[in-house]
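Asker: sequence and predicted structure are below.
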Amino acid sequence: MRTFRDRPIKQKLIMTIMLTSGVGLLVSGAGIVTVDAYLFRGHLQRDLSVLVGIMADNSTAAVVFNDPKSAGETLAALRAKTNVVAACIYRSDGTQLASYLRPGAKSACPPATAGAAIQSTGAGLTFSQPIVLQERRIGTLVLLYKAGEVSQRLRLYSATVLAVLLMSSFIAFLLSSRLSAIVATPILKLAHAATSVSSTKDYSVRAEKMSGDELGVLVNAFNEMLAGIQSRDNELRKALLDREDALAEATKARKFLETTLASIGDAVISTDIEGRIAFANPVAQSLLGLKEADLAGKHLDDVFRIVNEFTRAAVESPVAKVLRQGAVVGMANHTILIGRDKAEVPIDDSGAPIRDESGTVYGTVLVFRDVSARRKAEATTRLLAAIVESSDDAIIGHDLNGLFSSWNKGAERIFGYAAEETIGHPTSLIANPESGDEMPGILARIGNGERFPQYQTTRRTKSGKVIDVAITLSPLYDEFGRIVGASKIARDITEQVRAADRLAQANAALQRSNADLARTNDDLERFAFVASHDLQEPLRMITVYSQLLIKAFPGQPSDDTRMFIEYIVGGTKRMRELLSDLLAYSEISGQPEGSTSAVDLNVVLEKVTENLKAYIDETGASITSEPLPVLKAYEAHLSPLFQNLIENAIKYRGTEPPRIHISVQALEDQFQFAVADNGIGIEPEYREKIFVPFKRLHGKDIPGTGIGLAICQRVVERYGGRIWVESEVGRGSTFIFTVPLSRKEH
C-alpha cells in the first residue's frame, strides 16, 4: 500500500482538498451545535426562572388563605408547558399545599429548599422559588422540568450538520477532481520533459509552458537552466574576459579612490596590520611635514607624534587602539600633533579597522583634521556668549511664532524676569497693555525677509513699571540660510527720554531767548551803524572848527591854548577812528549786498599791502607769503581780516624791523592760515582777552581802538572757523585761523 507521500500529485490534491474542507465543515458544525446548545440551555433557564417567579407571585393569596383549590388552579396552568413534569406549593412549615403532575409522569415533586435555586438532577432541572409576603417567606414553589427538549434540539442540529457535511464533501470531490487537473497536468508535462532530458542528455528539449503562475515560472526557470547549460562553454570563456575587465576596473577604482582621498579636506593614512604606512593623502603629508615617499613603509608611531595639550604626556596611537580592540576608536579631546618642524597642530581623529570579505582585520585607516579654525570659532562663540551675558543691554532671541528663545542677564536686570520665566513664553509678557504688542507683526515681516529699522517703544517690567526702550532687530538664520527668528537688543532709555523732554523744553525756551537776543542784536547793530555813521559828521565839524579857531585866533595863541586845541583835535580823531572801527565791526554781522564769489587771497594780500604801504615804508617792514588759495567768500570780509593782522604785527614790533610771513596748510577738511611776526609777543594770560572788543594791553603808548582783533575773530567765526594766537614774549606772535572747506556762513 502506497503512502500519501508517494501518491500522484492529482490524488494528493483531491485528498488534501477533501480532508481540509471536511475537517473545516466538521469543526464549524460542531461549534455551531455546541454554541446553540449552550445558548438554548441558558435561555431555557432564564425563561423558566421568570415563569416560576410569576407563578410564585400569583400563589401568594392562596398560601396566605391556605386555599389548596386556588393554588391547584394556578399550578394547572403549567399544562401548556409539555416538558414540565411536576410542580408543588409548600407552606412555610414544609407541608404541601397543592401540586401538579403531568399525566403519565413517574416523578413526584422534589422537596422544598430554603431559598431560590436551580439544580440539575437525573430527572431534569429543579427550580425552587420562595413565596414572599411583605418581605417574609410564607411558602415555596418547586418545579421539575425534564431535560429532553435540550437533547432533542441537539440531535436535530447534529443531523442537519451531518447532512450539510456530506453534501459539501460530494460537491468538493467533484470540484477538486476537475481543478486538480489544472495544477497536475503542467507538473506532469514538466516531469516528462525532465525525464526525457535526463535519459537522452538532449539539452535542446524544452518543457511546454501551460500557465503564467508559479508553475509557469518553474517551467521558464527549467528552460532557462537548460539554455544555460547549453551555453556554459561560451560563458566560461566570457568569464575569463570579464575577469580581466574586472581587474582593470579594480585598478581604475583604486586610482579613483586614491584621487578621492587626495581631494578631501581631512588627512587620511592607511596602514597594514603591523602599523606600517601604506598610503597618505596630501593633507596628511602637509600636516606631518613629510612627502609620500618619506612616509611609505614607515611605522605610524615614527611620524605621527601626538601629545596631550595640557599635560604634554604622549597619547597612544589610534592605530594601536584599533588593532588591539578591533573596532572604530576616536581620540580624546585636547590632542596635539607635533609635526616634523616642531609645529603643533590641534587635531581630532578617528581610526577604523580594514577587514577582508571574511571579516579578518588586515589593516587600519586613520582620519584626522586640523581643528585650529574650529577652536577659534568656538572661542569666538564663547566670547560672543560672554559679551551677550555681560551686556548691560537686553539681548533677547525670538522665534517666528513670537516666543522668547533666549534671555540674557541684561534683560533680567531691565525687565525683572529671570530666563526661566520668559523662555517659551510669548512677547506679550513684557508688552505695554496701553500700546499693545507690535512684535508678532514685526516678526512676520522679518520672516518674509524685510529689514526693520531701529525704533523706540514702551515695555512693562515684572513690577508693572512702564519704561521707554530703544530696540534694534536683526534676523537669525539657521545653517541653511533660512530665517528662523530674530535677535533683539533693547536698551532702557527712560532717563534719556525724560532728559530729552526736559531738553526740548529748555531748547524751546532757549529758542525764544535767542529770538529775543537776535532782535536785540539787530537793534544794537542798527544803533551802532546809525550812531557811528551819524556821529562822523559832528566830529568832523569839531575838528574843522578847532583848526579854524587856531587860524582865526587874534595874535599868536598861547601854548596852553594850542595844547588844548590839539587835545580836542586828537580826541575827535580817535573818536572818528573808533567809530570807523565800530562801523566795520557791525558791518561784519550784516549781509553784504550780492552773493559770495571766488576770492583770490593773493590779490587780497596785494591790496592790503598797498593800503599799508606808507606804514610799511615808515617801519621798514617786510611781508612774505606762500601761495594762497581761492575761497568762495566776500572780499569785503577778508580784506579787514588780513589788514588788521598785518597792521597789528607792524604796530606791536620790537627793536628790529618787522618781518611778517603768511603761510597756509590744507588739512583734511579745512585751510589753516598763519600770520607770524617777530614782534614783542603776548603774555599767556592775555591771549584770550585780546579778542574782546576795546580790550587793549598797552594803553595809549601804542595807538589803536582795540577792536581790530575782534573784527578778525568775527570774520573767521562767520565762515565757521576759529582764530587763536601762539606767542612767546620778546620773540613774536603767530595768529592762526581756520576756514572750513565746506564753510557755512553764520
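Answerer: Looks like it came in fine. Residues are numbered from 1 along each chain as shown.

Asker: quick one: least confident helix or strand in this protein?
Answerer: None of the helices or strands of the chain scores lower by mean pLDDT, DSSP states H and E than helix 559-589, at a mean of 62.

Asker: so for stretch 95-112, mean pLDDT?
Answerer: Taken as a whole, stretch 95-112 has an average pLDDT of 80.

Asker: which parts of it are buried?
Answerer: Within stretch 95-112, the residues that count as buried by 16 or more other Cβ atoms under 10 Å are Leu97, Ala98, Ser99, Tyr100, Leu101, Arg102, Cys109, Pro110, Ala112. All C-beta atoms are positioned from the backbone trio N, CA, C, and that covers glycine.

Asker: from start to finish, how long is that stretch in a straight line?
Answerer: In stretch 95-112, first residue to last residue: 9 Å (Cα to Cα, to the nearest Å).

Asker: hmm, who's touching it?
Answerer: Identification of contacts with stretch 95-112 by Cβ atoms under 8 Å, 6 or more residues apart in numbering yields 62-63, 66, 68-69, 71-72, 74-76, 78-79, 82, 84-91, 94, 121, 123-124, 126, 128, 139-140, 142, 144.

Asker: which members of those occur in helices, if any?
Answerer: Within these, residues falling in helices by DSSP state H are Ala62, Val63, Pro68, Lys69, Ala71, Gly72, Thr74, Leu75, Ala76.

Asker: and for the third one, nearest residue in space, chain neighbours not counted?
Answerer: This points to Pro68. Nearest-residue entry for Pro68: Ala98, 4.8 Å, with adjacent residues in sequence omitted and distances by Cβ to Cβ, 6 or more residues apart in numbering.

Asker: what does the last one give?
Answerer: The spatially closest residue to Ala76, leaving aside those adjacent along the chain, is Tyr100, at 6.1 Å (Cβ to Cβ, 6+ apart).

Asker: ditto for the second one
Answerer: Taking Cβ to Cβ, 6+ apart, and ignoring the residues beside it in sequence, Val63 has Gly139 as its nearest neighbour in space, at 4.2 Å.

Asker: next SSE downstream of the least confident helix or strand of the chain?
Answerer: Toward the C-terminus, helix 559-589 is succeeded by strand 597-600 as the next helix or strand (DSSP states H and E).

Asker: quick one: low-confidence parts of the stretch 601-746 of the chain?
Answerer: Low-confidence segments of the stretch 601-746 of the chain, defined by pLDDT under 70, are located at 693-706, 742-746.

Asker: and what of the stretch 1-150 of the chain?
Answerer: Counting by pLDDT under 70, the stretch 1-150 of the chain shows low-confidence ranges at 1-7, 10-13, 107, 114, 122-123, 147-150.

Asker: please enumerate the helices of the stretch 501-650 of the chain.
Answerer: 536-552, 559-589, 601-611, 613-619, 635-651 (DSSP state H, counting those that start in this stretch).

Asker: can you pull the domain assignment for the protein?
Answerer: In terms of domains, the chain is parsed into 11-155, 264-370, 377-490, 493-579, 591-740 (source: automatic domain parsing).
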